[in-house]
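Asker: Requesting a structural model of the entry that follows:
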Amino acid sequence: MLVPTNRAERGPNIVADRVRVVIAEDSVLLREGLTRLLTDRGHDVVAGVGDAEALIKSVRELADEGVPPDVVVADVRMPPTHTDEGVRAAVRLRRDHPGLGVLVLSQYVEEQYATELLAGSSRGVGYLLKDRVAEVREFVDAVVRVAQGGTALDPEVVAQLLGRSRKQDVLAGLTPREREVLGLMAEGRTNSAIARQLVVSDGAVEKHVSNIFLKLGLSPSDGDHRRVLAVLTYLNS
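Answerer: As a prediction, this is how the structure comes out:
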């Protein structure tokens, strides 16, 4: 589900795939469940909180102590109003702690919140529906790879944003197949995963990806970031 990235850019906290996580979820049962899922797979849940204010405070204190988390997993809606406190905190954390991965969970696709979270950079960010947590392996993979600077977007979020983007001119030059490939890239899938999904060769996917880069004006000088920039163009279109 994720866009690969250079792990060396994420700093010294990550050893192998073990990550330090802060969980922000007002439901105690869900918070404890997420904690158990991650700790059972060798990750460190360094804080669990129930509201946005406590989330921001925990991340700040851990950073001040020199042991910042690698990723935050936060519910979009948290106390006191249960509207947008969680995503507002996530946006603030991305601004104040640029190296921090942020993965938000939502009951439904909320396009405004997804767009706001993704604005500016798609590195180290994820937006998943809570139903996806039931797919344990995918969820844990999402947490790890967002911590490593990748992207994890729920297919339903991508589909809704794609429907909006079809009205825009920026992607007008892409063929239907290239749009499909770009949509799967936005979910975070690798070229090999896209090839399996579309039942085509890896070479065919590589050709589509190259055409996407070309049509979006992303030159080879952009290096490995071209994939991220292509996804960001897609999501912001």
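
Asker: ranges for the strands of the protein?
Answerer: Taking DSSP state E to define them, one finds strands in the chain at 20-24, 44-49, 71-75, 101-106, 125-129, 151-153.

Asker: How far away from the center of its chain is the last one?
Answerer: Between the mean C-alpha location of strand 151-153 and the chain-wide mean there is a distance of 3 Å, by C-alpha atoms, centre = their mean, to the nearest Å.

Asker: and what of the fifth one?
Answerer: A distance of 5 Å separates the C-alpha centroid of strand 125-129 from that of its chain, computed with C-alpha atoms, centre = their mean.

Asker: What distance do you get for the residue nearest to residue 70 when sequence neighbours are not counted to residue 123?
Answerer: Among residues not flanking residue 70 along the chain, residue 147 sits closest, at 3.9 Å (C-beta to C-beta, 6 or more residues apart in numbering). C-beta coordinates here come from the backbone N, C-alpha and C atoms, glycine included. In this view, residue 147 and residue 123 are 12 Å apart by C-beta to C-beta, to the nearest Å.

Asker: Now do residue 102: how many residues are near it, please.
Answerer: A count of neighbours around residue 102, defined by other C-beta atoms under 10 Å, yields 24.

Asker: Please apply the same query to residue 96.
Answerer: 12.

Asker: Please apply the same query to the one 10 residues further on.
Answerer: Under the neighbour criterion other C-beta under 10 Å, residue 106 is assigned a count of 21.

Asker: now do residue 114
Answerer: The tally of other residues near residue 114 (other C-beta under 10 Å) stands at 23.

Asker: about what we covered before: quick one, which of the strands of the chain gets closest to residue 196.
Answerer: strand 151-153 (18.2 Å; C-beta to C-beta).

Asker: helices and strands around that closest one, which ones?
Answerer: Packing partners of strand 151-153 (3 or more C-beta pairs under 8 Å, 6 or more residues apart in numbering; DSSP states H and E): strand 125-129, helix 136-147, helix 176-187.

Asker: which of those is buried the deepest?
Answerer: strand 125-129 (a mean of 25; mean count of other C-beta atoms under 10 Å).

Asker: Poorly predicted segments of this structure, please.
Answerer: 1-16, 119-122, 161-170, 221-225, 235-237 (pLDDT under 70).

Asker: distance of the residue nearest to residue 70 from residue 126?
Answerer: 10 Å.
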